[in-house]
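1. A structural model of the following input is requested.
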Amino acid sequence: MRVPTAIKLQPDRNARRGPSVAPREAGLITFAPVTAFNPRRAFGRAATLVVALGLLPLVRPVAAQQGAAVGAQVGYSRADLSGINSNLVESRQGAITGVYLHLPVNGVVSVRPEVLFSVKGGQILTGITGSDDLALVNLELAYLELPVLGRLTLPRGRYRPAIFGGPTVGVQIGCDLLITPVSGGDEVNGTCGENVTGISEWDFGWIAGAAIEMHLTRVTLSLQGRYTKGLRSVVEGPVELKNRGLAVLFGLTF
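-> Model prediction:
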């Protein structure tokens with residue numbers, strides 16, 4: 001049996017059907033399932049944890065000298081793909097984790113650089129190049145994100161509302177692709193860097209959200225909701241598919 005060893009997403013001439021999947025064929029090859037262990041993605045998650053742990057001892061002296069603080073956050077995200085080629089999109093759910101450095105400018109304004117690990121992507125319906133068939137393309141993207149957020153917080157009281165926003169840059173550290181023909185046939189699995197081409201290695205976008213903080217003696221607890229919108233297509237070329245997502249995070253600042 002011959003299966004594709006390289007997968008590319010290309011725009012369909014019929015804009016209503018979205019992008020097309022154009023496979024190239026080669027010799028025999030066996031693909032691991034999308035849910036199987038992926039060394040590249042596992043390495044990316046381990047690297048995120050190392051970065052997070054490495055930041056803590058570095059920023060503690062800054063916190064002591066300048067009244068800054070460090071924190072960690074974990075939560076739930078729901079992401080999908082937007083754009084003119086995003087037909088019949090289904091969202092992807094996952095975890096979002098990270099650390100941050102809280103830098104107060106005054107009692108109201110602060111700046112918060114973050115390091116986050118997040119999973120994005122989604123499922124779209126596309127045409128298959130060279131035929132009238134359709135396929136469901138399930139794309140899972142893992143990112144190491146670096147947002148820089150400006151925050152406005154009420155300066156008094158134990159419970160303090162806050163709003164925030166700012167730009168974010170994401171570096172892709174993992175990518176899996178599953179193609180399922182609607183009319184039947186074999187599914188095709190792919191991984192960026194191995195048998196998938198045309199997926200962008202970085203993303204750029206913005207974040208906006210609101211939070212409620214509870215200020216205790218030594219720590220601050222927070223619950224926040226945020227919206228993320230990508231400004232760059234995750235697929236290289238004329239195809240327009242952009243990340244977007246909602247997340248709810250619990251934070252601890254100390």
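
2. I'd guess residue 224 is in a strand, am I close?
-> Yes - assignment of residue 224 by DSSP: H, G, I helix; E, B strand; the rest coil places it within a strand.

3. That one: what's it in contact with?
-> 73, 162, 164, 209, 210, 211, 212, 248, 249, 251 (CB atoms under 8 Å, 6 or more residues apart in numbering). To be clear about C-beta, it is placed using only N, CA and C from the backbone, and glycine gets the same treatment.

4. Am I right that the fourth one is in contact with residue 223?
-> So that's residue 209. No - taking contacts as CB atoms under 8 Å, residue 209 lies outside contact range of residue 223: 10.9 Å.

5. got any residues that touch both of those two?
-> The contact sets of residue 209 and residue 223 do not overlap (CB under 8 Å, 6+ apart).

6. which among the contacts of residue 224 gets closest to residue 179?
-> Closest to residue 179 out of the contacts of residue 224 is residue 248 (31.1 Å), distances taken as CB to CB.

7. quick one, what contacts that closest one?
-> So residue 248 contacts 75, 76, 223, 224, 225 (CB under 8 Å, 6+ apart).

8. gap between it and residue 112?
-> 17 Å (CB to CB, to the nearest Å).

9. Compare residue 209 and residue 223 and say which is more crowded by neighbours.
-> When residue 209 and residue 223 are compared for neighbours, residue 209 comes out ahead with 19 against 14, by other CB atoms under 10 Å.

10. which strands and helices sit next to the helix or strand containing the more buried one?
-> In this assignment (DSSP states H and E), residue 209 forms part of strand 202-215. The contact analysis (3 or more CB pairs under 8 Å, 6 or more residues apart in numbering; DSSP states H and E) places strand 202-215 against strand 134-153, strand 159-181, strand 220-233, strand 242-253.
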